[in-house]
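S.K.: here is a sequence with its predicted model. Questions after.
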Amino acid sequence: MLLTASLVPATGAASATPPASNCTEYSVPVALTAGGPADQTLVGELCLPDSGTPETVQLLVHGATYNRAYWDFPYQPQIYSYVKYANRAGYATFNVEIVGSGESSRPHSSQIDVFTSAHALHNVITKLRAGDIGPIAYEKVIWVGHSMGTAIGWVEASTYNDVDAFIATGATHPVSNTAATGSAPFPASLDPKFTSLNLDDGYLSTDAVSRATNFFYANTTDPQVKTEDYALRDTFTLPMLLTAVGQFSAPVATASTQGITVPVLSLIGEKDFLFCQPDASDCNNRAAMQASEAAYHSNASSFDLVVVPQTGHDLNLHHTAPFSFLTMLTWAKQHVAP
């Protein structure tokens, strides 16, 4: 109870906003391949606690159709901003926008998949540890991913072995083929929000109806959150989608997660439309899911799975978000202190 109390943002009143964190935006030159030129840019926001000098930074990686607003949602941040909670808990956060989204570079879509994205974020981790992003050279890094951001992390952590703990949200094995094929993305060039970017047709966007179906459980979602979420939508690429599905659907023996050796926490919403389906997982049976997903992480030093009740795919954007955040941060403090 004491630990939980120390993590809850000081609200004072139900509608109050947590104390402002110390945040600075950085543009980081990165390469998409080993030995390739650092000719792309990842933009992210480094936020520090109001006091103390953290030794650990959490690298926050959003999923497809998102940008860094997913981790620092502007609407009612005292409920929906993981950044605020993590900073309050004493962690630094680097909330990054992957290549192809937000203010980061948008090269031709053929250049962007989970493997090139993993390499680019490996560049970021190297710079965070070296003190090249902000005033601190971080001794430890926790990867915190959502959905496709988790899949990228599986590749990154297993390839480069440069993180100290791994928090996966909104991603287990396997993904539902039925749900995935019904997601209905379309070329971002046809979305009025992105027409001015002159993107090639490998860049994709989503409509409001499919977002509501795929990402939310209506019973625990504020309708205003859905409105804000759609307004904040972002682009992703077809190669990213295809290679991510390959990660979610990989056989146990050859899954990239077998290369992860650090402690792993996985959070999944009980009502996740993409993963909690008859052709994927029974999310009402936590013990079975724990055993099934642990088999994909047989080399992790520890593995824990939490099913968040009455929650859809976007765990950060449901009424249950504070429960998810406190679960993640309590686990983090047990494995890698701030």
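M.R.: Okay, I see it.

S.K.: please give me every residue in contact with Phe73.
M.R.: Tyr80, Ser81, Val225, Glu228, Asn316, Leu317 (CB atoms under 8 Å, 6 or more residues apart in numbering). From N, CA and C alone the C-beta is placed, and that goes for glycine too.

S.K.: make TSV out of those and add pLDDT and distance to Pro278.
M.R.: As requested, these are arranged in TSV below (pLDDT from 0 to 100; distance: CB to CB, whole Å):
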residue	pLDDT	distance to Pro278
Tyr80	98	30
Ser81	98	34
Val225	98	28
Glu228	98	32
Asn316	98	26
Leu317	98	25
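
S.K.: between these, which is nearest Ser189?
M.R.: Relative to Ser189, the closest of the contacts of Phe73 is Glu228; by CB to CB it sits at 24.0 Å.

S.K.: helix or strand: which one has Cys47?
M.R.: Secondary structure assignment for Cys47, by DSSP states H and E: strand 40-48.

S.K.: list the helices and strands that strand packs on?
M.R.: The contact analysis (3 or more CB pairs under 8 Å, 6 or more residues apart in numbering; DSSP states H and E) places strand 40-48 against strand 22-30, helix 82-88, strand 92-97, helix 114-130.

S.K.: out of the ones you listed, which comes closest to Ala171?
M.R.: It's helix 114-130; of the helices and strands packed on strand 40-48, that one is closest to Ala171 (CB to CB) at 11.6 Å.

S.K.: quick one, the closest one and strand 40-48 angle?
M.R.: Orientation check (axes from the mean of the first three to the mean of the last three CA atoms, to 10 degrees): helix 114-130 against strand 40-48 gives 50 degrees.

S.K.: flag every buried residue along helix 114-130.
M.R.: Within helix 114-130, the residues that qualify as buried are 114-125, 127-129, counting by 16 or more other CB atoms under 10 Å.

S.K.: now swap in stretch 57-66 and tell me
M.R.: Per 16+ other CB under 10 Å, stretch 57-66 contains these buried residues: Val57, Gln58, Leu59, Leu60, Val61, His62, Gly63, Ala64, Thr65, Tyr66.

S.K.: what residues are up against Ser324?
M.R.: Taking CB under 8 Å, 6+ apart, we find Ser324 in contact with Thr169, Leu267, Val308, Thr311, Leu315, Asn316.

S.K.: which of those fall in strands?
M.R.: Members of the contacts of Ser324 lying in strands (criterion: DSSP state E): Thr169, Leu267, Val308.

S.K.: relative to Tyr70, how far out is the first one?
M.R.: This points to Thr169. Noted for Thr169: a distance of 10 Å to Tyr70, by CB to CB, to the nearest Å.

S.K.: Leu46 now?
M.R.: Taken as CB to CB, the span from Leu46 to Tyr70 is 17 Å.

S.K.: helix, strand, or coil at Asn219?
M.R.: For Asn219, the assignment made with DSSP: H, G, I helix; E, B strand; the rest coil gives helix.

S.K.: pull the contacting residues for the residue nearest to it when sequence neighbours are not counted.
M.R.: Using CB to CB, 6 or more residues apart in numbering and skipping residues adjacent in sequence, the residue nearest Asn219 is Gln310, 6.3 Å away. Residues near Gln310 by CB under 8 Å, 6+ apart: Tyr217, Asn219, Thr220, Glu270, Lys271, His318, Thr320.

S.K.: quick check: phi and psi on the spatially closest residue to Leu238 that is not a sequence neighbour?
M.R.: Using CB to CB, 6+ apart and skipping the chain neighbours, the partner closest in space to Leu238 is Gly202 (4.8 Å). In terms of degrees, to the nearest 10, the main-chain angles of Gly202 are phi -80, psi -10.

S.K.: in this structure Gly202 contacts Gln111, no?
M.R.: No. At 9.5 Å, Gly202 does not count as touching Gln111 under the criterion of CB atoms under 8 Å.

S.K.: hey, where'd the helices end up in the stretch 151-300 of the chain?
M.R.: Here the stretch 151-300 of the chain has its helices, by DSSP state H, counting those that start in this stretch, at 177-181, 208-215, 223-231, 238-248, 286-295.

S.K.: any chance of those helices in CSV, with mean neighbour count and distance to Cys23 too?
M.R.: Below are those laid out as CSV (neighbours: other CB atoms under 10 Å; distance: least, CB to CB, whole Å):
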stretch, mean neighbour count, distance to Cys23
helix 177-181, 15, 35
helix 208-215, 17, 26
helix 223-231, 16, 20
helix 238-248, 20, 27
helix 286-295, 15, 33
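
S.K.: would you mind saying which of the ones you listed lies nearest Asn161?
M.R.: Asn161 lies closest, by CB to CB, to one member of those: helix 238-248, at 17.4 Å.

S.K.: so that closest one versus helix 114-130, what angle?
M.R.: Using the same axes, to 10 degrees: helix 238-248 against helix 114-130 is 80 degrees.

S.K.: now do helix 238-248: distance to the chain's middle.
M.R.: Put simply, helix 238-248 sits 15 Å off its chain's centre (CA atoms, centre = their mean, to the nearest Å).
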